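Visitor: Everything below, folded, please.
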Amino acid sequence: MRQYELVERVQKYKPDANEALLNKAYVYAMQKHGQQKRASGDPYISHPLEVAAILTELHMDESTIAVALLHDTIEDTTATRAEIDELFGEEIGRLVEGLTKIKKLDLVSKKAKQAENLRKLLLAISDDVRVLLVKLADRLHNMRTMEHMPADKRARISEETMDIYAPLAGRMGMQDMREELENLSFRHINPEAFETVTRRLEELSERNEGLIKKIEDELRELLQAEGLKAAQVKGRQKKPYSVFRKMQSKSLSFEQLSDVWGFRIIVDDIPACYRALGIVHTRWRVVPGRFKDYISTPKQNDYQSIHTTIVGPSRQRIELQIRTRRMNDIAEYGIAAHSLYKDGEGKEGASADAALSPTSNAYSWLRRTIESLAEGDNPEEFLEHTKLELFQDQVFCFTPKGQLIA
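Guide: Okay, here's the model as predicted:
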């Protein structure tokens, strides 16, 4: 990605972005990384650029984008914290240093050490949630380019991603990122299962070619005929890891899975969500026990949506999520979406300070977890507490020597 392309991406959602800061960070990173190469043989600078690109998709402010460009400079080049402070200001220097500390942690290590490392990771991101957002984008790009790593390293990094970074993205409400991290990890942790599930999904999609579009059109026409003119309908096939997890947790074979497709109905406001639900339920039969209303009772990570499953137009089960546009942004971008809706103005491109807003339940959870750390629980107790918070469907216990067993 060229310099002007990066600036244009940021200006698209934040027209008043500090162009000079972005240009300076781009040039500085380019000079510092110089001739360095990645394992793939690509110039090293391609990595910070891709991390910055991922964060522009989350509509992050220019300081966060600058941090993404600089995030490996202290660790891998001759750059120092003092130099970054002088050129870019203390705030950016602090964030880059926070990321450098995280990079030095070897999270998949002896289990007793892992507790202390997870504690350090969360303390490093406690001062500013933007450190976590850059770290997640950094991990996502590393996972996307994992095939150039040695096999043992691939498995180790994938396990760490599945254990710590994917659940953290989920707890921050960033579902799209969580799904992609899980899928990329699944490919390296269990390649056989990944291949099998992917192949079955491809066969299914060939067999039912055109079905998703047909259902989308039918739902859209029905909603528009009933007066919801602005309703959008998007259908998609579930990701391999999500299908595999369901098969395992419910002990089902692939053939027994009934809801491989999910559809989203996106409307203008909350009353329209309930109207859309009524229209759909009146037209198609509902599958009992499959209705959840996360609008009246949001999830801990701010996720809101109505979930229902119907026996759809072509006689197969269809999972539906009904939500407003704002709810959809929060479901996709998670904590990063709060910067789009600062002070309820609904004004895009507001500062990333909004991501730190106390209105974010996801961030409150992070703060609570970090407070319990600061009170000095022993590392094993802390790990137990945090992991239970991250994985509410797993049980962890400790041997007398403090080794953690999941």
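Visitor: need the helix or strand of this protein with the lowest average pLDDT.
Guide: Every helix and strand in the chain was compared by mean pLDDT, DSSP states H and E; the lowest is helix 379-390, with a mean of 60.
Visitor: The stretch 251-400 of the chain: strands as residue ranges?
Guide: 261-267, 285-286, 292-293, 306-311, 317-324, 397-398 (DSSP state E, counting those that start in this stretch).
Visitor: Which strands or helices does the first one pack on?
Guide: Looking back up the chat, that one is strand 261-267. helix 211-225, strand 232-237, helix 270-283, strand 317-324, helix 325-333 (3 or more Cβ pairs under 8 Å, 6 or more residues apart in numbering; DSSP states H and E). In this view, the C-beta of every residue, glycine as well, is placed from N, C-alpha and C.
Visitor: List the strands paired with that strand, with their directions.
Guide: Applying DSSP bridges to the sheet, strand 261-267 is found paired with strand 232-237 (antiparallel), strand 317-324 (parallel).
Visitor: for the stretch 301-406 of the chain, what are the low-confidence residue spans?
Guide: 338-363, 365-397, 403-406 (pLDDT under 70).
Visitor: hang on, I meant the stretch 151-300 of the chain
Guide: For the stretch 151-300 of the chain (pLDDT under 70), the answer is 258.
Visitor: If we ignore the residues flanking it in sequence, what's nearest residue 149?
Guide: Leaving aside its sequence neighbours, residue 149 sits nearest to residue 39 (Cβ to Cβ, 6 or more residues apart in numbering; 5.9 Å).
Visitor: from memory the one you found sits against residue 146, does it?
Guide: No: counting by Cβ atoms under 8 Å, residue 39 does not reach residue 146; the two are 9.4 Å apart.
Visitor: between those two, who's got more neighbours?
Guide: residue 146 (20 against 12; other Cβ atoms under 10 Å).
Visitor: Kindly give the local confidence score, pLDDT, for that one.
Guide: If you check residue 146, the pLDDT there is 90.
Visitor: In contact with it: list those residues for me.
Guide: The contact partners of residue 146, taken as Cβ atoms under 8 Å, 6 or more residues apart in numbering, are 154, 157, 158, 184, 188.
Visitor: swap in residue 77?
Guide: 32, 33, 34, 36.
Visitor: so of those residues, which ones are in helices?
Guide: 32, 33 (DSSP state H).
Visitor: Which of the strands paired with strand 261-267 sits closest to residue 162?
Guide: Residue 162 lies closest, by Cβ to Cβ, to one member of these: strand 232-237, at 21.4 Å.
Visitor: buried set for that closest one?
Guide: 233, 235, 237 (16 or more other Cβ atoms under 10 Å).
Visitor: Find the residue closest to the residue minimising distance to the centre of the chain in space, skipping its chain neighbours.
Guide: By Cα atoms, centre = their mean, the mean C-alpha position of the chain lies nearest to residue 177, the distance being 2.7 Å. Residue nearest to residue 177 in three dimensions, not counting chain neighbours: residue 169, with 4.5 Å by Cβ to Cβ, 6+ apart.
Visitor: Look up how far residue 178 lies from the one you found.
Guide: For residue 169, the distance to residue 178 equals 4 Å [Cβ to Cβ, to the nearest Å].
Visitor: For the strand or helix carrying residue 242, name the packing helices and strands.
Guide: For residue 242, the host element (DSSP states H and E) is helix 240-249. Counting contacts by 3+ Cβ pairs under 8 Å, 6+ apart, helix 240-249 is packed against helix 175-189, helix 191-207.
Visitor: Nearest to residue 277, out of those?
Guide: Short answer: helix 175-189, nearest of the helices and strands packed on helix 240-249 by Cβ to Cβ, at 20.8 Å.
Visitor: what sits up against that closest one?
Guide: Outside helix 175-189, the residues that reach it (Cβ under 8 Å, 6+ apart) are 136, 139-140, 143-144, 146, 154-155, 157-159, 161-162, 165-167, 169-170, 193-194, 239-242, 244, 303, 331-334.
Visitor: ditto for stretch 79-90
Guide: By Cβ under 8 Å, 6+ apart, stretch 79-90 touches 21, 24-25, 28, 32, 66, 70, 73-74, 92-93, 96-97.
Visitor: Could you pull out the buried residues of it?
Guide: So, applying 16+ other Cβ under 10 Å, buried residues of stretch 79-90: 79, 84, 85, 88.
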